[in-house]
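Colleague: Below are the sequence and a predicted model for it; my questions follow.
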Number of protein chains: 2
Amino acid sequence: MKKIIPILFAILSINSFAQNNSKEDSTIIKKIYDTSLLNGKSYEWLDYLSNQIGGRLSGSINAQKAVEWGEKELKALGIDKVWLQSVMVPKWTRGVTEFAYIETEPGKTTNVPICALGGSIPTPIGGIKAPIIEVKTFEDLRELGYDKVEGKIVFFNRPMQADLIETFKAYGGCVDQRYSGAAEAAKFGAIGVIVRSMNLRLDDYPHTGSMSYGDLTNNDKIPAAAISTNGANLLSSMLKLNPKIKFHMNMNCRTWKDVESFNVIGEITGSEFPNEYMVVGGHLDSWDLGDGSHDDGAGVVQSMEVLRLFKEIGYKPKRSIRVVLFMNEENGLRGGKKYAKVAKNKGENHVFALESDAGGFTPRGFSFDCDDANFEQVQSWKSLFEPYLVHYFAKGGSGADIGPLKKEGIVLAGLRPDSQRYFDYHHAKNDTFDAVNKRELELGAATMTSLMYLFDTYGVK
Amino acid sequence: MKKIIPILFAILSINSFAQNNSKEDSTIIKKIYDTSLLNGKSYEWLDYLSNQIGGRLSGSINAQKAVEWGEKELKALGIDKVWLQSVMVPKWTRGVTEFAYIETEPGKTTNVPICALGGSIPTPIGGIKAPIIEVKTFEDLRELGYDKVEGKIVFFNRPMQADLIETFKAYGGCVDQRYSGAAEAAKFGAIGVIVRSMNLRLDDYPHTGSMSYGDLTNNDKIPAAAISTNGANLLSSMLKLNPKIKFHMNMNCRTWKDVESFNVIGEITGSEFPNEYMVVGGHLDSWDLGDGSHDDGAGVVQSMEVLRLFKEIGYKPKRSIRVVLFMNEENGLRGGKKYAKVAKNKGENHVFALESDAGGFTPRGFSFDCDDANFEQVQSWKSLFEPYLVHYFAKGGSGADIGPLKKEGIVLAGLRPDSQRYFDYHHAKNDTFDAVNKRELELGAATMTSLMYLFDTYGVK
C-alpha cells in the first residue's frame, strides 16, 4: 500500500495541473479550432499551391515558384520577419513518360505502368529488354547468386503488410527495396530493377520515391523503376506461368548539376523569451507525378496556418515561433540539414520543433522524440485535446526535416493524421488537391496550433 | 484519504479484470483484425452490392435484388439459419431527373442542381415558377407571416455548423429544414420548398433524404427539393442583389401503394445461451441517387463480415448471434420496427444490438445506449482496442434500425467511424464505391466483430 499512495499523489497532481490551467487553455484551444474551421486559410492556400503551381520537385521551375509564393504569402501575414535561406539542391528530371512492357514471345506484349525512381540513371536510348526474375528480399538475391541474376532485370515484389494498423510501419518494412534495390541487384550483375510500388491498394499508379546507388561507381549503376501494384501482380502471375518472359523498360531521366534553392522562413518574435525558438514546418518540394497535395502541400499550409491563427486570435507568443517551409525533403534533405546547420552556427537555442509530413488527413495526435519529463507534460494535456477527438500521444519519430535539429533537451514532434489512405496517394500521380478534405486539413492545422500554444505557454522542461 | 483508498481499489480491480482476461482476448482480437485485413470479404461484397446492384430504394427492383443477394451470400457462409422476414414498405419513385432554374428576368435564367426530397409530391406537369424567399429557421417563417410567404417558394438556407467537430451534431442542427420544412412552409401559404443540402462541402451535388408532411391533408401538400450547397450560395447571393427573382422547379416523383419487401436475417445459434440474442446490422435499402456505398452498403457488408470472421477464426459464440440486413431505414424504418415487433411477440430475449450506419470510414469507437454497469464494463475493454487506434467509447445514440429493440437491460451500440467526410457523400450521387477505402471498411468490420466477441464472452450485466 505504501508504494501505491505516492503513485496516487502523482496521478492527483497531474490532474490538478490539468485543472488549474484547463479553463483558459480550453478557451484558447476552442478559439483556435473554431477559427481554423470557420475562417481558415489552409485550404485556399493548398488550392493555389496544388492547382496553380503543382508538382515541385527540387530544382524545378515549379519549386522556385513555390518559394516565391511562400515568401509572398508569409509577408502578407504581417509577421515580424520573413526571409529565404539559400541551399544547394539536387536536380533530377524525369524526361518523357516512361514505357514498359512484358513480352511473352516476340511481338506478343502487354504494357505495364512504370515510373523511374528519383535519382535513377536512364536506360540506354531505346530502352533495355531482358529476362526478369522475381525476389522478395535481398536475402533471396544472395541465394540466387550472381549466375542466376546476371544480365537480368530484378523484380522486387515484397508487398506492404496489410495487417499492420499503422501504414507507416508497413512502409518501413518495404522501402528498402526501393531505396537500395538497385544497389543490391547491381552487385549480382542485374542490368535493371523494377520495384513494386509502396501502395497498399491495388491500382494502376506507379509510385516514385528516392533511391540510392550507395557506393556503386557510375559504370555499375543500373536503371530502377517502380511498377504499379496491379502491374506487379500481373507480372508475378505471368512469371509463374512462364519464367522465360522478358521485360522491356525505357526511361530518359537525368541528373544535372546541383542548383540553388531556398528554405522559406517566417517568424513571430517572442515577447518574453525571444531567444527560445520553436519551429513548425513541412516541406515545400514534392515529387513530380502529382501535385504533392498530401506530400507535403498539406504540411506546408498547415504550418503557415499556425502563425496565421495566432495572429487571427490575437495570441502573442512568449517564444519566437518560426514557420519553416523546407526545400528538398524528398531527394536529399538539404533544406532540413541547412536550417539546422545555420541555427547551430548562430547559436540559436531551438527548444521545440513540430513537423507535418504525413498527409492532410484527420489528425489523431502526435508522436514525440523527447525526454520523459517533457513527455509527461504532454500527457497532462491530453484532456484538452479530447473534445477534438485527438487521442494519440506516443513516443516515436517526428519528421525528417526537423531531425537534424536534434540535440539534448529539444522536443521534436510529428503530427500523426489517420494513416489508412496515405499510401494510396504517396509519391503518385493521384496525390492531388481533390484527395484532400477541407475539414480534415483544417483540423490538422488547429491541432498543430494548439500544441504550439501549449509548449509556448508552459515551455519545454 | 479514507475516501481515496476505495476509489483506488476500484481502479485496481478494473485493471486486474482487464489483465486477467486481456491475454486471450488480445490474441483473439488480433486474429479478428488480421483476418479482416488480410483475408476479408467486406470489400468484395460491397463491390458487388454497389456496382452490380447499385442504389436500392425501398420498393425498387434493386432493393429486391439486394434482398436476394443478401440471402444467397449469408447461406453461402454455412451459418445455422438464414431467412427472410416479410415487411410492407413505402414505394416512392423519383421519375425523370429534376430541373430547376433561377430567373432574373423573363428569358434570363441560370440552371441549378436540385433533387426531390424522398416522399415529396411532384410539381404540376411543366413545373412551378414563383418568387422565392430565403429563411434560416421556422422562427423566420413565423416572423414573415402568411402575407409575405403566400404564393412563394420558401428557400431554407441554414448551413451545417462547420465548427462542430462531430459532423452528425451539425446534421442534427439542420435536418429539421429538410424533414419538416415543407409542412411548416405550407402552413404559411408557400407553394414549394427548396432546402440547402445537408453537406459541409461546397459542391454541385444535391442531397436527398426523408421528409414528412406531418398532418397536412393531400390538398395542402407542396413539392420539396434539395439544392446543392453551391446552388444555395448562388441563389442566396442573387436574392440579395434582387429579391424579385423567380425560381422554377419541375419534378415528377410519385408515391405508390406499399409493397412487400424483406429484412434478411442470418443466425449462428449460441452454444451455451441459445436464447440470448445479439444482433449486428445495417440497412440494405439506400437512396436512389448514388449506389449507397457509405449509406449503408458499408454497414451491411461489415455486419455480414462479423459472422464470417467468427466462422473464419473458428470462434463459436455462446449466445445466438444474428446479422440483420434491415429494409427501409431511409424512408420509413419499417424493417427495424418489424424486426423488434416479431422479437417481442416471440418473447426472444435480445441482450445486445450493434448497428453500423455512419459510413465505411476509419473506426474511432462506439456510442452506447445502456445502463452504467454495462458502460463500465465497456470502459474496462478500452485497452484491448488501443493497438487498433480505436479510442472513442461514449454514451449516446446507437442506430435507427435497432432503436425499436430498446428495453430495460439491453445494450444498444453504434459504430462511430471518423465523421469528417460522411456528409460529403450522404444521400447524394457521389455516395459510390470509389469513395470507400478498403482498409477503413475492413478495420470497421474488425472493430465491430471484436466488440461482439467481448459481449458474447462476458455477457451483458
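Modeller: Sure, I can see it.
Colleague: Tell me which residue is most central in chain A.
Modeller: Nearest residue to the geometric centre of chain A (Cα atoms, centre = their mean): residue A:357, 4.2 Å.
Colleague: I'd say it and residue A:401 touch.
Modeller: Yes. In this structure residue A:357 lies within contact range of residue A:401 using Cβ atoms under 8 Å: 7.1 Å. Where C-beta positions appear, they are placed from N, C-alpha and C, glycine not excepted.
Colleague: Report the separation between the residue nearest to the centre of chain A and residue A:54.
Modeller: According to Cβ to Cβ, to the nearest Å, residue A:357 stands 19 Å off from residue A:54.
Colleague: Likewise for residue A:377?
Modeller: Residue A:377 is 41 Å from residue A:54, by Cβ to Cβ.
Colleague: Mind pulling up the pLDDT for the residue nearest to the centre of chain A?
Modeller: Note on residue A:357: pLDDT of 98.
Colleague: what sits against it?
Modeller: A:282, A:283, A:295, A:296, A:299, A:329, A:399, A:400, A:401, A:414, A:415 (Cβ atoms under 8 Å, 6 or more residues apart in numbering or on different chains).
Colleague: any idea which element residue A:302 lies in?
Modeller: helix A:298-313 (DSSP states H and E).
Colleague: Go through that helix and flag the buried ones.
Modeller: Neighbour-count burial for helix A:298-313, with 16 or more other Cβ atoms under 10 Å in any protein chain shown as criterion, is recorded at A:298-310, A:312.
Colleague: tally of neighbours for the closest residue to chain B within the stretch 201-350 of chain A?
Modeller: With Cβ to the nearest Cβ, the shortest gap between the stretch 201-350 of chain A and chain B falls at residue A:201, namely 6.7 Å. If you count neighbours by other Cβ atoms under 10 Å in any protein chain shown, residue A:201 ends up with 18.
Colleague: pLDDT value on the closest residue to it other than its chain neighbours, please?
Modeller: Leaving aside its chain neighbours, residue A:201 sits nearest to residue A:424 (5.0 Å; criterion: Cβ to Cβ, 6 or more residues apart in numbering or on different chains). With respect to pLDDT, residue A:424 scores 98.
Colleague: Which elements pack onto the host helix or strand of residue A:424?
Modeller: If you go by DSSP H and E, residue A:424 is part of helix A:422-425. Contact partners of helix A:422-425 among helices and strands, from 3 or more Cβ pairs under 8 Å, 6 or more residues apart in numbering or on different chains; DSSP states H and E: helix A:167-172.
Colleague: for the helix it packs on, the distance to its chain's centre please.
Modeller: 12 Å (Cα atoms, centre = their mean, to the nearest Å).
Colleague: just stretch A:110-125 next, same as before
Modeller: The answer for stretch A:110-125 is 23 Å, by Cα atoms, centre = their mean.
Colleague: Give me the distance between the two termini of that stretch.
Modeller: Stretch A:110-125 stretches 21 Å from its first residue to its last (Cα to Cα, to the nearest Å).
Colleague: Please apply the same query to stretch A:390-400.
Modeller: End residues of stretch A:390-400 are separated by 23 Å (Cα to Cα).
Colleague: Leaving out sequence neighbours, find the closest residue to whichever residue of the stretch 251-400 of chain A sits closest to chain B.
Modeller: Per Cβ to the nearest Cβ, residue A:391 is where the stretch 251-400 of chain A lies closest to chain B, at 4.4 Å. Counting by Cβ to Cβ, 6+ apart, residue B:391 is the residue found nearest to residue A:391 once chain neighbours are left out, at 4.4 Å.
Colleague: How about residue A:399?
Modeller: residue A:355 (2.6 Å).
Colleague: and the one you found, what are its phi and psi?
Modeller: phi -120, psi 140 (degrees, to the nearest 10).
Colleague: Report the beta-bridge partners for it.
Modeller: Taking DSSP bridges as the rule, residue A:355 bridges to residue A:281, residue A:414.
Colleague: Identify the residues contacting it.
Modeller: A:280-282, A:299, A:398-402, A:412-415.
Colleague: that older thread, now do the phi/psi pair for the residue of the stretch 201-350 of chain A closest to chain B.
Modeller: The phi/psi pair for residue A:201 (degrees, to the nearest 10) is phi -100, psi 150.
Colleague: ditto for residue A:93
Modeller: Dihedral angles for residue A:93 - degrees, to the nearest 10 - are phi -120, psi 150.
Colleague: What number of residues are in the vicinity of residue A:51?
Modeller: 13.
Colleague: For residue A:273, which non-adjacent residue is spatially closest?
Modeller: residue A:319 (5.0 Å).
Colleague: how about the helices in the stretch 51-200 of chain A?
Modeller: Listed in chain order, the helices of the stretch 51-200 of chain A (DSSP state H, counting those that start in this stretch) span A:61-76, A:138-149, A:167-172, A:175-187.
Colleague: shaky segments in the stretch 1-150 of chain A?
Modeller: Filtered on pLDDT under 70, the stretch 1-150 of chain A yields the residue ranges A:1-21.
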